[in-house]
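K.L.:
Sequence first, then the predicted structure:
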Amino acid sequence: MENIIALAVVFLMSVVTYICGTIGEKRHYRSIREREGRLKNILVFNEKMPPAAYLKHEFTLVAGSVVMGSDYFRQVLAWLKKIFGGRLTSLESVLDRGRREAILRMKEEAARMGAKAVFNVRLETSMLAGNQTTDGRQQKLFCAEFLAYGTALYIPMNAS
Amino acid sequence: MTEYSNPEVPHEVNVGKSRPILDFLRLLSGLCLVLAAVVSLVYFGARFFAPKIPFRYEGAFNESLLKGSHLFGKHPAFLCAAEEKIALQTLQSMAEGLSVAMDLPEEMNIHVRFFGGRDPNAFATLGGNVAISRALLKNIHTENGLAMVLAHEIAHIRHRDPIVSLGGGAAVALLLSAFTGNADGGLLAAWVADSTRMSFSRAQEDKADSAALAALKTYYGYSNGADEFFVYIIKKRSETPSLPVFFGTHPMPEARLQAILSSFDSVSRPLKPLPDELLRLKSCWPGTWTDD
Amino acid sequence: MKNEKIMLSNIEYLPGYTITRHLGLVQGSTVRAKHIGRDFMAGLKNMVGGELAGYTELLNESRQEATDRMIAQAVGVGANAVINVRFSTANIASGAAEILAYGTAVSLTRKE
C-alpha cells in the first residue's frame, strides 16, 4: 500500500513537473530569443587579441552567470537514459538555455558599460552538488552554474 | 580592414529533438523487460543449481529455521502430549519404511512432525522435515491413505523440491533487495520465514504422486486406498468453498485423483486400519476444535 | 569592477596599453554555503526546473567578493590592473562552493 502511494506521488510529481518544465522552457526560450535580438549589436568573440580598431577603447571585465536546474520529470528521464546510454536530450535544453542566458547577462553588463564588443569570452559550467533536503536525505538533483566572462571594450563616457 | 560581426547562429543544433513522454515510456518498458529477464534468469538459475547443494547442508540451515517457526511448537489446544509423542514414533517408523521402499539416499533422514489443528494439510520442507497437520490425521481412517500422504511428502524431499522452491525465491529476493538498496535483507528473511509453506509446481506434484504410488506398491504390494485424502479434500472443498492453505500447497486435487485411481489394481484389496497408537491419539482429541 | 583604480581584463595584451611592470599572481577566493531556507526553496524550484535564482544570486555575490579580494591583493602590490583574470568554481562540500578569481597584477600605462 505504501509502495502504491509512493508510486502515485512520483507519477503525479512527474506529470506536474513535466507540464511546469515544458511551459517554463518555452517561456525562457522566448525571453532568450527576444533579448538576443535586442543585444545583437554587442559583438562577442573568444579571440584574445582585439583588433586595432579598439585602440582608443577602455576595457573592463564583464561576467554573467545563472544557475539552472532541470525539472523532476526530465531528471527521472535522464536517470533512466543513463542505464541504457545515449544522448540525454532531456538535459540538453537546460544546458543550452543556461549557457545562452549566461552570455546574455554578460552582454547586458557590457551594454550597461556602453561597450560595443566583448573579447576573449570564456564559458564555464560547474555542477552543483546534490541538494540536501530537509529530511537529511541526499537528493541527486541536476543543477549547474553557467558562467560567461570576457573583456568588454568601451569608449569612456567622458571622452565620447 | 577585417570585418568583425555576429550573424545569427542556428542555436537549434545544440538541442536534440526530444519527445520526453515517448522516450520515457520506451525507456521504462525497456527497463522492465531487462529486469524481468534478469529476474527470471536468476530465478531459474537458482532453481537449477539449488539441488546441487548436498543434502546435509539443508539440515544445518533448517534447524535455525525451525527454531523461529511457530508451526512446530506445542499446540496449546492439545493436551494429549504423551499420546502425540507415541503416535509420532509410529509415524516416524512408517516414514522410515516408506523411505526404504523409495530407496532414499543414505544421508536423507526424514523427520515427521505435527503442526496446526484446523486445516487438513501436509507439507515437506528443508532438512527432510515432513509435517502433518492434526486435522489431516483426524480425518483419515486407513493406513493406506496416510501412507500415501507421507510417501508424497517424502518424494518431494527425495526430488529436492523444497530447496528448489526456496532457492529460486531466495535468489530473487536477494536480487531485489540488492536492487532496491534494501540491505537489511528484510525481503529475504520474510521469504525464508514463509518457506515452511512453500508451494510446488504442478509438475513437481505429479512427479511426487507417481513416486509415492510406486513406493506404496513396493510397501504394500498395491496402491489401492491411496485416494482417501484426495477424496476427502474434494468433498470438503465442495462443502466449504475456501480452503486457502490447501490450495497453496496442493493444487488441482481432481486431476491428481484421476492419476491415482488409474494406478489401482482392478481387484479389490484389503485396506489396513490405522495403527493403534494413532487411533489412541485420535480418541484422546476432543470431538471438535478450533485452531485459533 | 567597483574599484575605479584597478582595471580588470581576461586578456593578456591590451590594445592601446603598455605593461610597464609585471607584479605576479594575485588571487581572491571565498567559500560560501547556501543557507537552509534558500536551499529548501531552491530544492522546490529544482522540481519544476528553470533558473534557481537563489543560487545565482549567491554565486554572484561570492564571485564579487572573490574579485574584491583579488583586487585588494593587486592594490597591495601596487598594481593598477589585473590581466588574464580567470574564474573557477569548485564544490568542496554539499551545499558549499569555493569561488576563485586569479590573474596577473600589472602596471599599465596608456600608449600615446
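P.N.:
Nice, thanks for sending it over. Numbering: from 1, shown residues only, chains lettered A, B, ... in the order given.

K.L.:
When you work out contacts or count neighbours from here on, use the C-alpha atoms and nothing else.
P.N.:
Fine.

K.L.:
in the strand ranked longest in chain C, what counts as buried?
P.N.:
In chain C, with assignment by DSSP state E, the single longest strand is strand C:17-33. Across strand C:17-33, burial judged by 16 or more other Cα atoms under 10 Å in any protein chain shown covers C:17, C:23, C:25-32.

K.L.:
Repeat that for stretch B:39-52.
P.N.:
Buried, per 16+ other Cα under 10 Å, within stretch B:39-52: B:39, B:42-44, B:46-47, B:50-51.

K.L.:
Just the closest of those to B:Ser201, please.
P.N.:
B:Arg47 (12.1 Å; Cα to Cα).

K.L.:
For the closest residue to B:Ser268 other than its chain neighbours, give me its contacts.
P.N.:
Leaving aside its sequence neighbours, B:Ser268 sits nearest to B:Asn224 (Cα to Cα, 6 or more residues apart in numbering or on different chains; 7.8 Å). By Cα atoms under 8 Å, 6 or more residues apart in numbering or on different chains, B:Asn224 lies in contact with B:144, B:261, B:263-265, B:268-269, B:271.

K.L.:
what about burial for the residues you listed, which qualify?
P.N.:
Buried by 16+ other Cα under 10 Å: B:144, B:263-264, B:271, out of the contacts of B:Asn224.

K.L.:
What is the most widely separated pair among these?
P.N.:
Greatest spacing in those, by Cα to Cα: B:Ser263 and B:Leu271 (15.5 Å).

K.L.:
So what touches the longest strand of chain C?
P.N.:
C:58, C:62-63, C:65-71, C:73-74, C:77, C:79, C:95-111.

K.L.:
rewinding a little: tell me the least confident of the buried residues of strand C:17-33?
P.N.:
Scanning the buried residues of strand C:17-33 for pLDDT, the smallest score is found at C:Arg32, 84.

K.L.:
Can you get me a residue count around the nearest residue to B:Glu228 once chain neighbours are set aside?
P.N.:
Excluding the flanking residues, the one nearest B:Glu228 by Cα to Cα, 6+ apart is B:Gly145, at 5.0 Å. Neighbourhood size, B:Gly145 [other Cα atoms under 10 Å in any protein chain shown]: 23.

K.L.:
tell me the SS of B:Gly145?
P.N.:
With DSSP: H, G, I helix; E, B strand; the rest coil as the basis, B:Gly145 sits in helix.

K.L.:
so what's residue 95 scoring on pLDDT?
P.N.:
This is for chain A. 92.

K.L.:
look at chain C instead
P.N.:
Looking at C:Gly95, the pLDDT reads 66.

K.L.:
what sits against A:His57?
P.N.:
A:153-156, C:16.

K.L.:
Please settle this for me: is C:Ala66 part of a strand?
P.N.:
No: the assignment for C:Ala66, made by three-state DSSP, is helix rather than a strand.

K.L.:
residue contacts, it?
P.N.:
C:Ala66 neighbours (Cα under 8 Å, 6+ apart): C:27-30, C:99-101.

K.L.:
Go again with 10 Å.
P.N.:
C:27-31, C:60, C:72, C:87, C:98-102 (Cα atoms under 10 Å, 6 or more residues apart in numbering or on different chains).

K.L.:
which of those residues lies closest to chain B?
P.N.:
C:Phe87 (24.8 Å; Cα to the nearest Cα).

K.L.:
For the closest one, which three-state class applies?
P.N.:
Here C:Phe87 is recorded as strand under three-state DSSP.

K.L.:
Relative to chain A, how far out is it?
P.N.:
9 Å (Cα to the nearest Cα, to the nearest Å).

K.L.:
what about chain C, any weak spots by pLDDT?
P.N.:
Across chain C, the ranges flagged by pLDDT under 70 are C:1-4, C:34-39, C:94-95.

K.L.:
which residues sit in contact with residue 20?
P.N.:
Since no chain was named, I'll use chain A. A:Cys20 neighbours (Cα under 10 Å, 6+ apart): A:14, A:71-73, C:47-50.

K.L.:
oops, chain B please
P.N.:
Going by Cα under 10 Å, 6+ apart, the list of residues near B:Pro20 reads A:18, A:73-74, A:77-78, A:89-90, B:26.
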